[in-house]
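Undergrad: here is a sequence together with a model predicted from it:
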Amino acid sequence: MTAMQWFYSFLKKYRNRIIIGLVVATITCTLAIVNPYIAGIIVDDVIRGGNREILPKLVVIMLVATLIRTVARYWFTISFEKVSQGVLFSMRDYVYRKFLGQDFSFYNKNRTGDLMSRQTGDMEAIRHFVAWVIYNVYESALLFSIALTMIFVADFRLALGMVVILPITAWVTMKQLKSVKPAFHNIRQHFSSLNTLVQENVSGNRVVKAFAKEDYEIEKFDVENDGYRQAELDAAKIWRKYVPIFEFLSNVLTVVLYLVGGFMVINNHMSMGKLVTVSGYLWMLNNPLRMAGWLANDYQRFVTSVEKIYSTINIEPSIKDPDNAIAKKRFNGDIVFSHVSYRVEEEEILKDINFHVKPGQTVGIIGATGSGKSTLMNLLCRFYDVTEGEIKVDGVNVKKLDLFSLRDNIGMAMQDVFLFSDTIEGNIAYGRPDCSFEQVMEAAKVANAHDFILQMPDGYDTIIGERGVGLSGGQKQRISLARALLKNPSIIILDDTTSAVDMETETLIQNELNSINANHTVFIIAHRISSIKEADQILVVDEGRIVESGNHEELLAKKGYYHTVFHHQYGDFDQIKTGLKEFNYIRNSKTEETSYSGGHTSIRDWGNEIG
Ligand SMILES: Nc1ncnc2c1ncn2[C@@H]1O[C@H](COP(=O)(O)OP(=O)(O)OP(=O)(O)O)[C@@H](O)[C@H]1O
């Protein structure tokens, strides 16, 4: 399918309405011949022939024709506006769905500003084409043809003199269309870049301010802004060259008419009334010629926008539902990674990963930054596909599973927390909008968010900003955790979810999680050993490989990577033991309202205290 065929598929729905609109436009164009024609009769029969009694009748006909033209024109312009809005609505919806259906790779490659431009500026160019350009092109061509026919009827020699203009006009129009095309592509490119810059600066305004980079960003914006202005000027430079040509051609018509026509009237080859009639048709010839340049521009803008949108959405996502996809309401959470490797171009991100997680188990994943921990989970969720090996959930390769079913069974609290501009309740209930308020509260309690939410100005109804502005990092993480838990999924993925909360809160969250864990397979990605120590299985990832696995005690006994990290985080073990004894002594001798909640403090807390 070409870009134009794709566009036509939206227009098709309105074919009847467009045809009716064009029929009405035909009527208005045809009625345009009435007034000049009657003007000629008035000159020849009323003024020169003295037949005054027909004058009122002629005037009434002129008025009625004008009235019908005005009403009909109003009707069909509104009709085309409605069609354009309808086309735009369906197209915007389609493009939006396409965007949402795309995979992570699509969003890695496309800038947000570009995608925004497709949905705004490009859509507007299409709306303008449907609402205005279609009927104007039709009307111009029709008016021109009708006028030329009428002049032919009046006097074919005069008409032949005017026809000479036609091939020249067609040639100039084609030339303009061809030369403005790259200029409009350039404009769209600059518009997208400008959009991207504004979007990034608005989203990242805190970073800009924190680094006092306002001047730098303004300079960058000025460069883009100037680029956009220049692109518009370059395009204008091209099409402006053609405006005087069309203007000249339309004036040539006037000159030809009065020169040839006047000559014929003087030599009595044509009546004065006919010359008046023909000169009345002149605007019907001139206007289309003057409009030709503008219409060519608008058409080219429209073509560029359709091509841009189509090329953006005409990318098949590499991750999609397989044929005969297997869907399951609830998975047990049995997960097997078997010889899984993941490569991006030449870079091996994950290499020969093997592990088995039984339903209800908790798996801790630890490793240096950039070692591939999040990628493991991205593969499980099929945000990307493995390049080798396979991942099975409940014995079925994830590539054979229905994507919705797979992802609906996974509750993920991502490393990079994104909260919507909505109430806290709305954010937590995002995955289960039909849940009750009590369920929202329950999830918030497990995520240890309930208390701080109640302290917010409107509690659960507090509106939080686009990126959760107004909340601390730890608070955002806890809302994101509550959002993941509320789905009650069979698989929970917590990617660095408690990195920004204090140790005490983390302990509380872990205890709450432990109480609900039986029904869920849980993955906890963390840098702090404290977060994963209790896990049934801990995977130590280094440079894309699992270098160690086992539970906490087994890994310590191995005296490998995990052991080293443990000692980095907790210092000397014996010293910790002694320290813990002292700490417990101090704590027990304090009031019961010690800041460390009874029973939750462990070696790791102490380790961090002294660390
Ligand atoms: N789709 C991708 N395209 C290109 N590179 C990728 C892709 N996915 C992952 N990577 C790269 O793979 C490496 C591992 O990334 P990953 O996010 O899994 O690390 P991580 O262990 O979770 O790190 P951190 O602890 O900092 O979150 C990084 O170098 C990352 O840039």
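TA: In hand now; what should we look at? Numbers count the residues shown, from 1 in each chain.
Undergrad: going forward, measure contacts between C-alpha atoms and count neighbours the same way
TA: Noted.
Undergrad: helices along the stretch 501-611 of the chain, start to end?
TA: Listed in chain order, the helices of the stretch 501-611 of the chain (DSSP state H, counting those that start in this stretch) span 503-516, 529-532, 552-558, 561-570, 573-589, 603-610.
Undergrad: rank these by pLDDT, which is bottom?
TA: Sorting those by mean pLDDT places helix 603-610 lowest, at a mean of 35.
Undergrad: per-residue confidence at the residue lying closest to residue 102 once chain neighbours are set aside?
TA: Spatial nearest neighbour of residue 102, chain neighbours left out: residue 317 (5.2 Å); criterion: C-alpha to C-alpha, 6 or more residues apart in numbering. Note for residue 317: predicted pLDDT of 88.
Undergrad: over to residue 524?
TA: 93.
Undergrad: and what of the one 4 residues further on?
TA: The model reports residue 528 with a pLDDT of 86.
Undergrad: can you report how many residues lie near it?
TA: 18 (other C-alpha atoms under 10 Å).
Undergrad: can you pull the contacts of it?
TA: 366, 499, 569 (C-alpha atoms under 8 Å, 6 or more residues apart in numbering).
Undergrad: contact residues of this structure facing the ligand?
TA: Counting by C-alpha under 6 Å from any ligand atom, the chain comes close to the ligand at 344, 349, 369, 370, 371, 372, 373, 374, 375.
Undergrad: which residues touch the last one?
TA: This means residue 375. By C-alpha under 8 Å, 6+ apart, the residues touching residue 375 are 349, 350.
Undergrad: picking that back up, what does the residue nearest to residue 102 show for phi and psi?
TA: For residue 317, the backbone dihedrals (degrees, to the nearest 10) come out as phi -60, psi 140.
Undergrad: kindly supply the ChimeraX command isolating those of the residues of the chain next to the ligand that are buried.
TA: In ChimeraX, this line selects whichever of the residues of the chain next to the ligand come out buried by 16 or more other C-alpha atoms under 10 Å:
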select :349,371,372,373,374,375
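Undergrad: measure how buried residue 431 is and give me the count.
TA: Residue 431: 17 neighbours (other C-alpha under 10 Å).
Undergrad: quick one on the thing from earlier: top of the contacts of residue 528 by neighbour count?
TA: residue 366 (27 neighbours).
Undergrad: isn't it right up against residue 545?
TA: No - counting by C-alpha atoms under 8 Å, residue 545 is not a contact partner of residue 366; they are 11.5 Å apart.
Undergrad: need the contacts of residue 528 in JSON lines with distance to residue 455, can you?
TA: Shown next, in JSON lines, are these (distance: C-alpha to C-alpha, whole Å):
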{"residue": "366", "distance to residue 455": "34"}
{"residue": "499", "distance to residue 455": "22"}
{"residue": "569", "distance to residue 455": "34"}
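Undergrad: so which of the residues you listed comes closest to the ligand?
TA: The ligand lies nearest to residue 366 out of these, by C-alpha to the nearest ligand atom, at 8.0 Å.
Undergrad: helix or strand: which one has the residue positioned nearest the centre of the chain?
TA: Nearest to the mean C-alpha position of the chain, counting by C-alpha atoms, centre = their mean, stands residue 115 at 4.4 Å. Residue 115 belongs to helix 112-119 when assigned by DSSP states H and E.
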